[in-house]
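1. based on what follows, work out the 3D shape:
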Amino acid sequence: MEARRSGTGGRTAWARWAYPLALAALIVFASSRSRVPGIGAPGGDKLVHFAVFGLLATLTVRLLPRSAAWVAVAEVSLFGATDEWHQSFTPGRHMDWADWVADTLGAAVAVLAYLRWAAYRRLLEAPVGRLCRKARIEKPASPDSMEGAP
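-> Residues are numbered from 1 along each chain as shown. The predicted structure follows:
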């Protein structure tokens, strides 16, 4: 079966799903561990859920037509619910509906930001190399390199 080409640098449509699928696999792996390091502040785990599932929704919404962007929120929310259920089978862990709410809110905020905030969208769509070149600060010449200068 021949892979379809996407409009981004010749990568196949399937290859574009590598990032969201890798993050989803990492989430499943973390959920299957009895102990996961996190933020020590009260409610810090909700902030982690919000951010990680927001990132997952952002990675997903980039691959969908804009008219179907809210499908990303539904998919990530459903994934969050199944992840909480999966976590309930791990010794020392339990299912927490508040975590699922944080997952869903993170996904919704991320998709809304992607749809409505053009600067955020441009930043996400910019090639990484171009961002690195813009961020690079030229170092001033060192005294050693100026020995032969007049």
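2. hey, let's count contacts and neighbours off CA atoms from now on
-> OK.
3. dihedrals phi and psi, the residue most central in space within the chain?
-> Central residue check for the chain by CA atoms, centre = their mean: the C-alpha nearest the mean position is that of residue 55, 2.7 Å away. When read as degrees, to the nearest 10, the backbone of residue 55 gives phi -60, psi -40.
4. so it touches residue 107, yeah?
-> Yes - counting by CA atoms under 8 Å, residue 107 is a contact partner of residue 55 at 7.5 Å.
5. residues in contact with the residue nearest to the centre of the chain?
-> Residue 55 makes contact with 107, 110, according to CA atoms under 8 Å, 6 or more residues apart in numbering.
6. give me the pLDDT value at it.
-> Looking at residue 55, its pLDDT stands at 94.
7. same question, residue 64
-> Looking at residue 64, its pLDDT stands at 89.
8. nearest residue to it other than its sequence neighbours?
-> Leaving aside its sequence neighbours, residue 64 sits nearest to residue 72 (CA to CA, 6 or more residues apart in numbering; 7.9 Å).
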